[in-house]
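**Q** dropping a prediction and its sequence here:
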Amino acid sequence: MPDVTRLRRLAEQAGIADNDQVQNLLAVAAASPNDTVVEQVHKVLQVAASKHRQHPFETPNIQSLATVPGDRPADLDLGTVLGSSAAFTLPETVLTRHVLVAGETGAGKTTLFYSIVDQVRVPVWLFDLKTDYRHLLRENPDLVVVPWTTLRLNPLQPPPGVTPRRWAQSFHELFGDAYDLLGPSQHYLLPNLLDLYAEQGLPLDESVSTAETFPTLLELATQIATSDAKGYSQSGYKERITSRLRAMTAATANLFDCRTGYPLADLLEQDVVFEFDGLASDHQDFLMEWLLTWTYRYRSTHQQRGDQLRHVFLCDEGKRLFSAYKEQSDAKGLPKIDELTDKMREFGEALIVGDQEPKKLTDSLLANTGTKILFPIGDADQFRRVARSMALSERQRRYANQLDVGQATVQVAGSDPMVVQFHNYDLEKSVTDTELQRVMQETWTRLSNHSSSTELPRTDEADEPGEPGESVGDTADEDHALSEAAERLLHDVADQPYTNLSDRYSRLFASRYKGNKAKKALLARGLVQERDVEKKFGRPMLLELTEDGRRRLADDGVAVQRTGRGGIVHRYWQQLLKDRFNEAGYTAVREQDDADVAVELGDSRIAVEVAMEAVPRELEHVERRLQDGFDSVWIGCRNTAVKADLEEMLVETDLPTDCVHIRLLQELQTASLDRL
């Protein structure tokens, strides 16, 4: 029998020994007594080895990749397989097994993501840390792009259907995970959050509607800061949590300063880009992990299980969410985000994660991603991290790391790896901040209005034990039946319209619970509306009478005189500023000569205008005030975004800038007037 050792060595050195056809040829050579046959096999193997050196990947069975048993036909056409003329396609349901895309900057990751977002037929949420994805508005006018400065979320507001107790548990875990708190600190946070929920009259073990008044992060910080921490160690936990909460609320401006956030359940039905560029990294981490946790809890509570793809999360900076550092921390244990990765697939949620530094990604992410796409990476160690998980041979690794832009090695659901030339995706990247605001302003306003409004409470809620006579039920036979507490609150709103809710409760009621019950009764009948005021510290809540509320008071013989123009928040600031100037020794009058507040300030007469939004009419008001003889105009802005936009608009006008001073309302209220 001829010696076939040299043939096997040739096959092994070329990296083709495991090929079925090669194995058959070696078996023929070993069984043949004819040296001519052995030489012919040798020549065939030499040709195969030469081709394999040039392209060391098997041509895959493309048909087997196009569909998965039980799935619908593939509909993501992403490129072509090198070495064949076949298209590289993926069924959507493969995405629920999650996708990892690794590659250096400029290799083609973002272009691939554009193609996926363009073709996938379910909603996608994109976590954008570099403003790369707003440009998809060119192709998808229905896309919702939300910069973090516009976003409004209350992390303490449970998803619909989730009880406060369950959500408190989720929140304290992910807060500790994102801000690097150890278990004892996290456990100190939990009881304080539960106490805060209870103080606001929220049932801990029942789901609550969005009409409820949810506490804010700033209130949680205050709750913990004023709690009784006995012992040195507990005091340390208290200080760590309080400092992180306060730093978080200070750095994120108005993002978390609301009681009811954006309607995320509705946004799950839309393509949304969450822009986090410019936000500190730990706050980015918290937001991304919070949105993932919120979605998981919402899906699981409503039992939205199944293999069908429902929704996709896409993150182009995976190490932010899936940090190897956190996974390697023995003290903290497995990061919560790693646990979510495995759980979310059973609810039809897909994760597509990209990064240029895979060594910083968790082992769990590599193990739990069914599809891996590896673009070239200049750092050999970074490249090898993913290549090992794909079981690439040394020859395949060398070949794969020398591919051109737009080419990558792909392994789908444990199949043999292949090399794919991905389609180019031409996209004009020219959406500026100004254009984005013009296109999205109406959407942002709608979402913000939702975050400020409340739904009517359920009408079948029973009174809690020990609080008789406080029903908020609203029936056709009891249109005018208000409790004594609700009547007292309604009359107080008419008498003192600019008092915040906390002060009303402490002045009128023995407990916050009774005040909250009375407020909900008025909201349920449409007699008042809630309006919150943006301030540097806290967000005071005001109650504003509706027309029905005015008619109800008129029936009681109370004539309500409305003073000032605009909504209650606008009038609140008018009143506050008028009082501020008068207390400083100046003469200030509301709405004199059409100014929101007219002030005699030394030898000058100034007009103070309250700007709730950055709209052209604010500068038109300035022009009229100057024409009416005011020496200067001060514009008080609701927040920094309004201030920045008005400053930009002012530069484009002919107004004398030395006579126009744009400040924050908070500055006008608190700063020394001679410094302004």
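**A** Nice, thanks for sending it over. Residues are numbered from 1 along each chain as shown.
**Q** walk me through the domains of the protein.
**A** With domains defined by automatic domain parsing, the chain comprises 5-54, 90-151+262-454, 154-260, 481-562, 568-675.
**Q** okay if I get these as CSV plus distance to Gly79?
**A** Using the backbone N, CA and C atoms, a C-beta is placed for each residue, glycine as well. Formatted as CSV, the domains of the chain follow (distance: least, CB to CB, whole Å):
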stretch, distance to Gly79
domain 5-54, 20
domain 90-151+262-454, 4
domain 154-260, 36
domain 481-562, 48
domain 568-675, 41
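**Q** confidence-wise, which of those is weakest overall?
**A** The stretch with the lowest mean pLDDT among those is domain 5-54, at a mean of 71.
**Q** can you give me the strands for the stretch 251-400 of the chain?
**A** Counting by DSSP state E, counting those that start in this stretch, the stretch 251-400 of the chain has these strands, from start to end: 272-275, 311-315, 349-355, 371-374.
**Q** which of these sits closest to Asn34?
**A** Distance to Asn34, taken as CB to CB, is lowest for strand 371-374 among the strands of the stretch 251-400 of the chain, at 44.4 Å.
**Q** tally of neighbours for the closest residue to His135 other than its chain neighbours?
**A** Leaving out its chain neighbours, the residue that sits closest to His135 by CB to CB, 6 or more residues apart in numbering is Lys429, at 4.6 Å. Using other CB atoms under 10 Å, the number of residues around Lys429 comes to 12.
**Q** mind checking the SS state of Lys429?
**A** What DSSP: H, G, I helix; E, B strand; the rest coil gives for Lys429 is coil.
**Q** same check, this time on the one 5 residues further on
**A** In the three-state summary, Thr434 is assigned as helix, counting by three-state DSSP.
**Q** over to Thr149?
**A** The three-state label given to Thr149 by three-state DSSP is coil.
**Q** which residues touch it?
**A** 253-255, 278, 641 (CB atoms under 8 Å, 6 or more residues apart in numbering).
**Q** now, these that are in helices?
**A** Ala641 (DSSP state H).
**Q** make TSV out of the contacts of Thr149 and add distance to Phe88 and neighbour count.
**A** Output for the contacts of Thr149, formatted as TSV (distance: CB to CB, whole Å; neighbours: other CB atoms under 10 Å):
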residue	distance to Phe88	neighbour count
Ala253	44	16
Asn254	45	20
Leu255	40	22
Gly278	36	11
Ala641	44	17
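**Q** right, and the pair among the contacts of Thr149 with maximum separation?
**A** So, these by CB to CB: farthest apart are Asn254 and Gly278, at 14.3 Å.
**Q** residue contacts, the closest residue to Leu482 other than its chain neighbours?
**A** Take Leu482 and drop its neighbours on the chain: the residue closest to it by CB to CB, 6+ apart is Ala521, 6.2 Å away. Residues near Ala521 by CB under 8 Å, 6+ apart: 472, 482-483, 485-486.
**Q** go on, Arg550?
**A** Neighbouring residues of Arg550 by CB under 8 Å, 6+ apart: Val560.
**Q** quick check: it vs Glu544, distance?
**A** 11 Å (CB to CB, to the nearest Å).
**Q** could you do Asp503 as well?
**A** 16 Å.
**Q** and those two? which has more neighbours close in?
**A** Set side by side, Asp503 and Glu544 show more neighbours around Glu544, with 16 against 11, by other CB under 10 Å.
**Q** that one in helix, strand or coil?
**A** Under three-state DSSP, Glu544 comes out as strand.
**Q** still on that earlier bit, from the chain's centroid, how far away is the host helix or strand of the residue nearest to Leu482?
**A** Assigned by DSSP states H and E, Ala521 belongs to helix 512-524. With CA atoms, centre = their mean, to the nearest Å as the basis, helix 512-524 stands 31 Å off its chain's centre.
**Q** and that helix, C-alpha only, in CSV?
**A** What follows is helix 512-524, C-alpha atoms only, in CSV (Å, rounded to 0.1, in the frame of the first residue of the first chain):
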residue,chain,number,x,y,z
ARG,A,512,-49.2,64.0,51.5
TYR,A,513,-51.5,61.0,50.8
LYS,A,514,-54.6,63.1,51.5
GLY,A,515,-53.4,65.9,49.3
ASN,A,516,-52.6,63.5,46.5
LYS,A,517,-56.0,61.9,46.8
ALA,A,518,-57.7,65.3,46.5
LYS,A,519,-55.6,66.3,43.6
LYS,A,520,-56.4,63.1,41.7
ALA,A,521,-60.1,63.8,42.3
LEU,A,522,-59.8,67.3,40.6
LEU,A,523,-57.7,65.8,37.7
ALA,A,524,-60.3,63.1,37.2
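**Q** ok, and for it, which residues are buried?
**A** For helix 512-524, the neighbour count (16 or more other CB atoms under 10 Å) marks 512-524 as buried.
**Q** and the next helix or strand along the chain from that helix, what other elements does it pack with?
**A** Using DSSP H and E, the helix or strand that follows helix 512-524 in sequence is strand 528-532. Helices and strands touching strand 528-532, by 3 or more CB pairs under 8 Å, 6 or more residues apart in numbering; DSSP states H and E, are helix 433-452, helix 512-524, strand 541-545, helix 568-583.
**Q** ok, and for the longest one, which residues are buried?
**A** By neighbour count with 16+ other CB under 10 Å, helix 433-452 contains the buried residues 436, 440, 443-444, 447-448, 450-452.
**Q** farthest-separated two in those?
**A** Top of the distance list for the buried residues of helix 433-452 (CB to CB): Leu436 and Ser452, 22.1 Å.
**Q** relative to Leu95, which of the contacts of Ala521 is nearest.
**A** Of those, the one sitting nearest to Leu95 (CB to CB) turns out to be Val472, at 45.3 Å.
**Q** confidence score at that closest one?
**A** With respect to pLDDT, Val472 has a value of 34.
**Q** start at 47, not 1
**A** From this message on, residue numbering opens at 47, which makes the last subject Val518.
**Q** okay, and the beta partners of the residue nearest to Ala446 when sequence neighbours are not counted?
**A** The shortest distance from Ala446 to any non-neighbouring residue, by CB to CB, 6+ apart, is to Thr455 (4.3 Å). Beta bridges link Thr455 to Leu420, Val465 when assigned by DSSP bridges.
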